[in-house]
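K.L.:
Could you look at this predicted model? Sequence included:
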Amino acid sequence: MKIVVAGGHGLVGSKLVARLKLRGHEVVAASRRSGVNTLTGEGLQEALDGAHAVVDVTNAPSFEEPEVTEFFTRSSEQLLAAGERAGIAHHLALSVIGTQRLQTSAYFRAKDAQERLVKRSKVPHTLVQATQFFEFMASIIPPGHSKDLVQLSPALVQPAAADDVAAQLADLIEKPPSNSIVEIAGPETYRLNELVQWVMYSYQDDRPVVADATARYYDALLDDHTLTPGSNALLTPTHFRDWLDSYLSGAIEMPHVHHPNPMSPDR
């Protein structure tokens, strides 16, 4: 079947496109790189022509208001309206576990607005909430000098490899829409401060890290339940230590540290 992946040239999108093609699907990687702009609608209707399903893994270029809310609302409105006109049978949107618990953050308020648009749409849908990706643990590392103290939340997190999330998305888009939320998480929980320190060492960043329950994560305070899934989450197979070994051996690449993104840079 024909599947359109909005944000198909980003971290998760590119992995999903490759997997769907291997499964024999006709896949359109829709992004500004391919002439499709979900904000303006440019090229969108043409991309959806004859498509059975759409996967939305786009992400905002800015986390500040009003840009972040404008992106997620306008982009989702364009995708859903075009999908309804094209007779799309399944709209799958990728969001974040903890979105409704992180409403002090502009980014997560915008993600919540996106989710509400999908739920209200006439297009059959599946909402997928995933935990943070291994690839973006580095983005949590604060800038500073070599002897600066790094204060991070000790809250529990359960991140997953982006490739594993792409595999789950490929499975879900081949199934009928659930019209509900599906959670995806990694196989193990970690303390956020300890996990980020592990990544820092891989960058040869030996600044001291201390647990600070008042340290904010994208403008939000965390507890052990904020970023962790429920008991029915789909669990991915790759453990962080194995993923990090692959990174350190050069088998995989980690995104640049400066990218301020808890999800993915997919546009």
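P.N.:
Perfect, I can see it now.
K.L.:
Could you check what's spatially nearest to residue 166, not counting adjacent residues?
P.N.:
residue 15 (3.8 Å; Cβ to Cβ, 6 or more residues apart in numbering). C-beta coordinates here come from the backbone N, C-alpha and C atoms, glycine included.
K.L.:
Can you verify my assumption that the one you found contacts residue 162?
P.N.:
Yes - taking Cβ atoms under 8 Å as the definition, residue 15 is a contact partner of residue 162 at 6.2 Å.
K.L.:
which of those two has more neighbours?
P.N.:
Set residue 15 next to residue 162 and count neighbours by other Cβ atoms under 10 Å: residue 162 wins out with 27 against 23.
K.L.:
so what's the more buried one up against?
P.N.:
By Cβ atoms under 8 Å, 6 or more residues apart in numbering, residue 162 lies in contact with 11, 12, 15, 133, 134, 135, 264.
K.L.:
Max pairwise distance over the residues you listed: which two?
P.N.:
15 and 134 (12.8 Å; Cβ to Cβ).
K.L.:
distance of the residue nearest to residue 166 from residue 121?
P.N.:
Look at residue 15 and residue 121: by Cβ to Cβ, to the nearest Å, they are 26 Å apart.
K.L.:
quick one: the helices in this structure?
P.N.:
Using DSSP state H, the helices found in the chain span residues 11-22, 44-48, 67-86, 106-120, 162-173, 192-202, 240-248.
K.L.:
Let's have the ones you listed in a markdown table, adding mean pLDDT and distance to residue 155.
P.N.:
What follows is the helices of the chain, written out as a markdown table (pLDDT from 0 to 100; distance: least, Cβ to Cβ, whole Å):
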| stretch | mean pLDDT | distance to residue 155 |
| --- | --- | --- |
| helix 11-22 | 97 | 24 |
| helix 44-48 | 97 | 38 |
| helix 67-86 | 97 | 23 |
| helix 106-120 | 97 | 15 |
| helix 162-173 | 98 | 21 |
| helix 192-202 | 91 | 5 |
| helix 240-248 | 89 | 16 |
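K.L.:
out of the ones you listed, nearest to residue 229?
P.N.:
Going by Cβ to Cβ, the one of the helices of the chain nearest residue 229 is helix 162-173, 12.5 Å.
K.L.:
Go through the closest one and flag the buried ones.
P.N.:
Neighbour-count burial for helix 162-173, counted by 16 or more other Cβ atoms under 10 Å, picks out 162, 163, 164, 165, 166, 167, 168, 169, 170, 172, 173.
K.L.:
In PDB, could you pull the C-alpha coordinates for it?
P.N.:
C-alpha atoms of helix 162-173 as PDB (Å, rounded to 0.1, in the frame of the first residue of the first chain):
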ATOM      1  CA  ALA A 162      15.000   5.400  17.400                       C
ATOM      2  CA  ASP A 163      15.300   2.400  15.100                       C
ATOM      3  CA  ASP A 164      13.300   0.200  17.500                       C
ATOM      4  CA  VAL A 165      10.600   2.900  17.600                       C
ATOM      5  CA  ALA A 166      10.600   3.000  13.800                       C
ATOM      6  CA  ALA A 167      10.100  -0.800  13.700                       C
ATOM      7  CA  GLN A 168       7.100  -0.500  16.000                       C
ATOM      8  CA  LEU A 169       5.600   2.300  13.900                       C
ATOM      9  CA  ALA A 170       5.900   0.100  10.800                       C
ATOM     10  CA  ASP A 171       4.000  -2.600  12.600                       C
ATOM     11  CA  LEU A 172       1.300  -0.300  13.800                       C
ATOM     12  CA  ILE A 173       0.700   1.500  10.400                       C
END
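K.L.:
what's the angle from it to helix 240-248?
P.N.:
Using axes from the mean of the first three to the mean of the last three Cα atoms, to 10 degrees, one finds that helix 162-173 and helix 240-248 are set 120 degrees apart in direction.
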